[in-house]
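Novice: following is a predicted model, sequence given first.
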Amino acid sequence: MIQLKHYTAIANELQESEPEKFEQLEEEINIIIHKLKFIHIENRPMVEIMDLSKPTADPTYIEELSEIAGAQNNPLVKEAENTEILIFINDNPVFLGTLPDLLNEQYSDYKAVKNNNVFIIQKPDFGKRKEDFLLDIEIFAEIIQSKYFVYGHEGNHWIKFDL
């Protein structure tokens, strides 16, 4: 797993300014990590995340969120035929109408597209606000490790795109 530099920075800030929120964040992150510790890295799904929001979020922040939530981000095997889950970040409602063409033109060879595992995160400012760190992890966890996590964000902050 990657270094949790973003989590550490947020946790340190909260520990000083809002200890109750720090304790809640730490407890929830520990629960997620504990639930996933028995799933070996190589058994976690390979996830490709396409941030089409404007402006885009920090890619290292998005990667950290997705890894905490149970994704495998191995650049050595990150190829279309290995991508089991494809996630688009875009809160523009017009995007849904353009997605079928985008998938046909650029992603048709992806395993995720062939297996109907395409998701859209529609939450405004996803991955851009440190106060939403836990919420953003929950959204990823519901998508990436749906057998283990249900927080009730489906339909509100994210949807599965059925092909």
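Specialist: Received it, and whenever you're ready, just let me know what you need.
Novice: what's around Gln122, how many residues?
Specialist: Residues near Gln122, counting by other C-beta atoms under 10 Å, number 21. All C-beta atoms are positioned from the backbone trio N, CA, C, and that covers glycine.
Novice: do Thr8 as well
Specialist: 11.
Novice: doesn't Ala112 make contact with Leu86?
Specialist: Yes: using C-beta atoms under 8 Å, Leu86 is in contact with Ala112, at 3.8 Å.
Novice: hey, what's in contact with both of these two?
Specialist: 48, 118 (C-beta atoms under 8 Å, 6 or more residues apart in numbering).
Novice: pull up the gap between Glu18 and Ile10, please.
Specialist: 11 Å (C-beta to C-beta, to the nearest Å).
Novice: again with Glu28
Specialist: 12 Å.
Novice: those two: who's more crowded?
Specialist: Using other C-beta under 10 Å, the more surrounded residue of Glu28 and Ile10 is Ile10, with 19 against 14.
Novice: isn't that one right up against Lys130?
Specialist: Yes: with contact defined as C-beta under 8 Å, Ile10 counts as touching Lys130 (5.0 Å).
Novice: quick one, what contacts the closest residue to Pro45 other than its chain neighbours?
Specialist: Excluding the flanking residues, the one nearest Pro45 by C-beta to C-beta, 6 or more residues apart in numbering is Glu84, at 4.1 Å. Taking C-beta under 8 Å, 6+ apart, we find Glu84 in contact with 45-47, 111-112, 115, 117.
Novice: what does Gln122 give?
Specialist: Gln122 touches 90-91, 157-159, counting by C-beta under 8 Å, 6+ apart.
Novice: change it to 7 Å
Specialist: Contacts for Gln122 (C-beta atoms under 7 Å, 6 or more residues apart in numbering) come out as 91, 157-159.
Novice: out of these, which is nearest to Ile41?
Specialist: When the contacts of Gln122 are compared for distance to Ile41 (C-beta to C-beta), Trp158 comes out closest, at 23.7 Å.
Novice: list the beta-bridge partners for that closest one.
Specialist: Ile121, Glu154 (DSSP bridges).
Novice: how close does it sit to Ser108?
Specialist: Distance from Trp158 to Ser108, by C-beta to C-beta: 22 Å.
Novice: next: Phe38.
Specialist: Taking C-beta to C-beta, one finds Phe38 at 35 Å from Ser108.
Novice: what does Lys147 give?
Specialist: For Lys147 relative to Ser108 (C-beta to C-beta), the value is 27 Å.
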